[in-house]
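# Structural data only, the sequence is not supplied:
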């Protein structure tokens, strides 16, 4: 159990505390929203940090390859589902984002069965960055930033669809008799 894997586990452990803080008092308590934002930001930073440490010090493990993207998806999806509960995002938008995650995970599973690793694309990394920024802005819920928040959320949604199409086009061979 190396440091990057511990950071990944920490991220997963933080999720219920983040959700509890965000949904406390129906999301009406601004101080708890600040706590939720801090937890989300720290968890998001561990996502960036664990990967850098793993690559820099050659600490990449099978556990990390499996758990790191799963922890990332759990964190972001938990936040987005909470935003539906708080009536700050429409369900259809969250369904599109979560569906993309399931589709890409399925592609990766099929590819893995054929000995192929599908690396994260730049589109996927941009998507994750905009989703995380959008979530933080939604958590803070600052009226003066509502237009910026809306723009960031729409960009995140567009990048979600673009990155899905990119993965499908680049990796269509995974679904046709395991050819790449």
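Perfect, I can see it now. Keep in mind that this is a model prediction, so the values were computed, not measured.

# ok, which stretches of this protein are strands?
Counting by DSSP state E, the chain has no strands at all.

# okay, and for it, where does confidence drop off?
Scanning the chain for pLDDT under 70 picks out 177-180.

# now do 90
1, 47-48, 51, 54-55, 60-70, 105-121, 124-125, 168, 170-180 (pLDDT under 90).

# Could you give the number of residues near residue 169?
Close neighbours of residue 169, defined as other CB atoms under 10 Å, add up to 8. In short, each C-beta sits where N, CA and C put it, glycine included.

# just residue 68 next, same as before
The number of residues packed near residue 68 is 22, by other CB under 10 Å.

# Grab the nearest non-local neighbour of it.
residue 8 (5.1 Å; CB to CB, 6 or more residues apart in numbering).

# Next: residue 75.
Excluding its sequence neighbours, the residue lying closest to residue 75 (CB to CB, 6+ apart) is residue 43, at 5.4 Å.

# Can you name the residues that contact that neighbour?
Residue 43 makes contact with 10-11, 14-15, 18, 75, according to CB atoms under 8 Å, 6 or more residues apart in numbering.

# switch to 10 Å and redo it
7, 10-15, 17-18, 71-72, 74-76, 78-79, 132 (CB atoms under 10 Å, 6 or more residues apart in numbering).

# Those residues in helices, which ones?
Residues of the contacts of residue 43 located in helices (DSSP state H): 7, 10-15, 17-18, 71-72, 74-76, 78-79, 132.

# mind listing the helices for the protein?
Counting by DSSP H, the helices of the chain are 3-23, 30-56, 62-85, 91-113, 122-140, 146-171.

# relative orientation of the third one and helix 146-171 in degrees?
Compare the direction of helix 62-85 with that of helix 146-171 by axes from the mean of the first three to the mean of the last three CA atoms, to 10 degrees and you get 140 degrees.

# Return the distance of stretch 99-110 from the chain's centre.
On the basis of CA atoms, centre = their mean, to the nearest Å, stretch 99-110 is displaced by 13 Å from the centre of the chain it belongs to.

# Just the buried positions in that stretch, please.
Under the neighbour-count criterion of 16 or more other CB atoms under 10 Å, stretch 99-110 has 100-101, 104, 107-108 buried.

# One more: stretch 128-141?
Neighbour-count burial for stretch 128-141 flags 128, 130-139 (criterion: 16+ other CB under 10 Å).

# what do you get for stretch 64-82?
64, 67-69, 71-80, 82.

# and residue 86, what are its phi and psi?
Per-residue torsions, residue 86: phi -90, psi 0 (degrees, to the nearest 10).

# so how many other residues sit close to the closest residue to it other than its chain neighbours?
Take residue 86 and drop its neighbours on the chain: the residue closest to it by CB to CB, 6+ apart is residue 27, 4.2 Å away. Other residues near residue 27 number 20, with proximity taken as other CB under 10 Å.
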